[in-house]
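> Take this sequence and fold it.
(chains A and B)
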Amino acid sequence: DSGVTQTPKHLITATGQRVTLRCSPRSGDLSVYWYQQSLDQGLQFLIQYYNGEERAKGNILERFSAQQFPDLHSELNLSSLELGDSALYFCASSLGNQGPGSGANVLTFGAGSRLTVL
Amino acid sequence: GDSVTQMEGPVTLSEEAFLTINCTYTATGYPSLFWYVQYPGEGLQLLLKATKADDKGSNKGFEATYRKETTSFHLEKGSVQVSDSAVYFCALSEGNTGNQFYFGTGTSLTVIP
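Numbering: from 1, shown residues only, chains lettered A, B, ... in the order given. Reported below is the predicted structural model:
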């Protein structure tokens, strides 16, 4: 158990629907990252939050949104789902901004949420 | 911008063979470097890390040395086992870019008995 909890583990839904994925970071970690892993595109960075604020944005579609709540858990909302959104969605957490060269900023991953869009 | 280039796979080796997976990076500052491993059906796990030039990270028989002069962080293991079959990701993180993480595309390793 990595300490990062993701729910649900599996989700099957239809095109056009909306889903919410939830992540609880490891205790003490302030940063949450979301990644999408699909067979053809590898591991894609979506978005990062630090202590409730958006910190960095990657290849996140406009149909997707996320937020980090005061208790530091995060949710990734995926709407108007398409077949191509089928993927593993990983959440990861880290201690947070530690400055250049810090070795403390290690990413800890959850087990992932597998989304299947039919 | 920052990026990581990783040796493409898949790689298939016999048990007890020597493993090298190449990784080179581009960074504006002084990044920390990581190798993560993903076993089938699981999330990514930290395998080893190095935080400054000439540091050697090691874990479970795997090693990688942070080479600033060649901007490389190649993963090596002297004798692989079937249980090492997994996907390996090289990654970097820089504090001065908000501690974003940049991952390589992953290299799939299969070890056959």
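> and stretch B:104-113, C-alpha only, in CSV?
Provided in CSV are the C-alpha atoms of stretch B:104-113 (Å, rounded to 0.1, in the frame of the first residue of the first chain):
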residue,chain,number,x,y,z
GLY,B,104,10.0,9.1,-20.4
THR,B,105,7.8,6.9,-22.6
GLY,B,106,8.6,3.7,-20.6
THR,B,107,10.6,0.6,-21.6
SER,B,108,8.9,-2.8,-21.3
LEU,B,109,11.2,-5.5,-20.1
THR,B,110,10.4,-9.2,-20.3
VAL,B,111,12.7,-11.7,-18.7
ILE,B,112,12.3,-15.3,-19.9
PRO,B,113,13.5,-18.3,-17.8
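> Strands along the chain, start to end?
You didn't pick a chain, so chain A it is. A:5-7, A:10-13, A:19-24, A:31-38, A:42-50, A:53-57, A:64-68, A:74-78, A:87-94, A:108-109, A:113-117 (DSSP state E).
> ah, no, chain B please
Assigned by DSSP E, chain B shows strands spanning B:3-6, B:11-14, B:19-21, B:23-26, B:32-38, B:44-50, B:56-59, B:62-65, B:75-77, B:86-94, B:100-103, B:107-112.
> Endpoints of stretch B:46-54, how far apart?
19 Å (Cα to Cα, to the nearest Å).
> no no, stretch A:34-42
14 Å.
> Kindly report the same for stretch A:35-48.
Per Cα to Cα, stretch A:35-48 runs 9 Å from first to last residue.
> returning to what we had before: distance to B:Pro31 added to the strands of chain A, as JSON lines?
Placement of C-beta: from N, CA and C, glycine included. JSON lines is the format used below for these (distance: least, Cβ to Cβ, whole Å):
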{"stretch": "strand A:5-7", "distance to B:Pro31": "27"}
{"stretch": "strand A:10-13", "distance to B:Pro31": "35"}
{"stretch": "strand A:19-24", "distance to B:Pro31": "25"}
{"stretch": "strand A:31-38", "distance to B:Pro31": "16"}
{"stretch": "strand A:42-50", "distance to B:Pro31": "15"}
{"stretch": "strand A:53-57", "distance to B:Pro31": "15"}
{"stretch": "strand A:64-68", "distance to B:Pro31": "24"}
{"stretch": "strand A:74-78", "distance to B:Pro31": "25"}
{"stretch": "strand A:87-94", "distance to B:Pro31": "14"}
{"stretch": "strand A:108-109", "distance to B:Pro31": "18"}
{"stretch": "strand A:113-117", "distance to B:Pro31": "29"}
